[in-house]
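Enquirer: just coords:
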């Protein structure tokens, strides 16, 4: 059974600081996704990582994928309050059809 | 363009009652998925429709849960009778083909609704 683990689950940081969220998964994966959710809102797709060594950046967020280590990271640079949200990683494997397996989510709070 | 919409946004019911959640996917999206997040844990897959057919319902927890998608448009998820452990946030998502593509590409990405928060007391 595919398992996806995120850490930390809760992260409180100050504006201007850098931090990394980690996502480990247990089985070879075809794709890894990062989503953001604001309270009461839908999940917003941030990144899709398709291959080993893939790196994608959008604003203060950068995601990377190491398929050999079965690890993805979401790095936050110079955090701002607007980044406060819950971040999920999710993995799909071809044998699971179109089903995504999610991590537990990381609740990020950026304090002024 | 309207996104995926879910109704209600929040429901509080007593144990043993019945609740029906509704999901309206993006128009034209054949693929519709239900997921739920229980007690702040991971978001778990429930089932996948292709048009009106259940493609994969392996994530449905038990026979108290019934999902339908008559006519291949909107979908309902009924919980009958509801138990305390059914509390959580139920998400719906839709996509054109099954999503295995690239984010930000409207032809392949899956779009999520805002979720229905179900509280069983």
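Expert: Arrived safely, thanks for sending. Predicted model only: the values in this text are computed from it and were never measured.

Enquirer: so what's residue 66 up against?
Expert: Answering for chain A, as no chain was given. Residues in contact with residue A:66 (Cβ atoms under 8 Å, 6 or more residues apart in numbering or on different chains) are A:52, A:53, A:72. Backbone N, C-alpha and C define where each C-beta goes, glycine included.

Enquirer: try chain B instead
Expert: Contacts of residue B:66 by Cβ under 8 Å, 6+ apart are B:77, B:78, B:80.

Enquirer: Please repeat the previous calculation with a cut-off of 10 Å.
Expert: B:20, B:60, B:76, B:77, B:78, B:79, B:80 (Cβ atoms under 10 Å, 6 or more residues apart in numbering or on different chains).

Enquirer: next one: residue A:20
Expert: Residue A:20 neighbours (Cβ under 10 Å, 6+ apart): A:7, A:8, A:11, A:62, A:64, A:73, A:74, A:75, A:76, A:77.

Enquirer: For the first one, name its beta-bridge partners.
Expert: This means residue A:7. For residue A:7, the beta-bridge partners under DSSP bridges are residue A:22.

Enquirer: correct me, but it touches residue A:71?
Expert: No: using Cβ atoms under 10 Å as the test, residue A:7 is too far from residue A:71 to be in contact (11.0 Å).

Enquirer: does residue A:47 have beta-bridge partners, and which?
Expert: Beta bridges link residue A:47 to residue A:34 when assigned by DSSP bridges.

Enquirer: Now for it, how many residues are close by?
Expert: 25 (other Cβ atoms under 10 Å in any protein chain shown).

Enquirer: And residue A:10, how far from residue B:88?
Expert: Residue A:10 sits 19 Å away from residue B:88, taking Cβ to Cβ, to the nearest Å as the criterion.

Enquirer: neighbour-wise, which of the two wins?
Expert: residue B:88 (21 against 11).

Enquirer: tell me the phi and psi of the more buried one?
Expert: phi 160, psi -170 (degrees, to the nearest 10).

Enquirer: For residue B:15, see how far away it is.
Expert: In terms of Cβ to Cβ, residue B:88 sits 15 Å off from residue B:15.

Enquirer: circling back: next step: the contacts of residue A:66 restricted to strands.
Expert: residue A:72 (DSSP state E).

Enquirer: coming back round to it: what is the nearest of the contacts of residue A:20 to residue B:48?
Expert: Closest approach between the contacts of residue A:20 and residue B:48, by Cβ to Cβ: residue A:74, at 26.4 Å.

Enquirer: In which helix or strand does the closest one reside?
Expert: Here residue A:74 sits within strand A:71-76, counting by DSSP states H and E.

Enquirer: by contact count, what packs against that strand?
Expert: Applying 3 or more Cβ pairs under 10 Å, 6 or more residues apart in numbering or on different chains; DSSP states H and E, one finds that strand A:71-76 contacts strand A:4-7, strand A:19-25, strand A:31-37, strand A:43-49, strand A:55-58, strand A:61-66, strand A:85-92, strand A:106-111.

Enquirer: Determine which of these approaches residue B:45 most closely.
Expert: strand A:85-92 (9.9 Å).

Enquirer: And the next helix or strand past that closest one?
Expert: Downstream of strand A:85-92 (by DSSP H and E), the next one is strand A:101-102.

Enquirer: Now look at that following strand and say if it contacts chain B.
Expert: Yes: using Cβ under 10 Å from any Cβ of the partner chain, we find that strand A:101-102 touches chain B at A:101, A:102.

Enquirer: Can you list the strands that that strand pairs with?
Expert: Sheet partners by DSSP bridges: for strand A:101-102, these are strand A:85-92 (antiparallel).
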